[in-house]
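Visitor: turn this into a structure:
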Amino acid sequence: MIQVSVADEIVLLDDHVTSLIQKRLAGVLAWWVPGSRDVINGMEVVPLQEDSDEEIAKAVRLVLEKDPFVNAERVRVTVKRAVVTLEGDAPSTSQKEMAEFDAWYVFGVDNVDNRLEVRP
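Guide: Alright, predicted model coming up:
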């Protein structure tokens, strides 16, 4: 069960989940809600799981696949020391930007290097 509260367009997620991917996806879904200005993801993962670049990459790929405004098939995701690199192409500038926003929304990401090229 996830406890959600909102104040001044800031979403606070609390309680616990059973995996890092659940924590990350809940945070992204909160970011996708129109009007969200910030998301504070305070959920605890029980039992504890060790985080890794591979786990972050898996979450970013899943988020890109779930976003109806991004063509995930055209995007390659790599992660090194919590820095996400997006490579490939996007059919528009807005899709390139949305892919970058999606990567930023994933809990644990420290930086995003968006190398996507716009190719219709």
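Visitor: can you pull the contacts of the residue sitting nearest the centre point of the chain?
Guide: For the chain, the residue sitting closest to the mean C-alpha position, by C-alpha atoms, centre = their mean, is V106 at 2.7 Å. Neighbour list for V106: 24, 27-28, 56, 59-60, 63, 84 [criterion: C-beta atoms under 8 Å, 6 or more residues apart in numbering]. From N, CA and C alone the C-beta is placed, and that goes for glycine too.
Visitor: cool, L116 as well?
Guide: For L116, the contact set (C-beta under 8 Å, 6+ apart) comprises 75, 86-90, 96, 99-100.
Visitor: that one and V60, how far apart?
Guide: From L116 across to V60, the span is 13 Å (C-beta to C-beta, to the nearest Å).
Visitor: overlap in contacts, those two.
Guide: With C-beta under 8 Å, 6+ apart applied, the contact sets of L116 and V60 do not overlap.
Visitor: circling back: which of the contacts of V106 fall within strands?
Guide: Among the contacts of V106, the residues falling in strands (DSSP state E) are V84.
Visitor: please pick the buried ones from the contacts of L116.
Guide: Those of the contacts of L116 that meet the buried threshold are 75, 86, 88, 90, 96, 99-100, by 16 or more other C-beta atoms under 10 Å.
Visitor: in a markdown table, list those residues along with distance to V39 and secondary structure.
Guide: Shown next, in a markdown table, are the buried ones among the contacts of L116 (distance: C-beta to C-beta, whole Å; DSSP: H, G, I helix; E, B strand; the rest coil):
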| residue | distance to V39 | secondary structure |
| --- | --- | --- |
| V75 | 22 | strand |
| L86 | 21 | strand |
| G88 | 26 | strand |
| A90 | 24 | strand |
| K96 | 22 | helix |
| A99 | 18 | helix |
| E100 | 16 | helix |
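Visitor: now, the most widely separated pair of the residues you listed?
Guide: The span of those, defined through C-beta to C-beta, is set by G88 and E100 at 12.4 Å.
Visitor: how does this structure divide up, domain by domain?
Guide: Annotated domains of the chain cover 2-45, 53-118 [automatic domain parsing].
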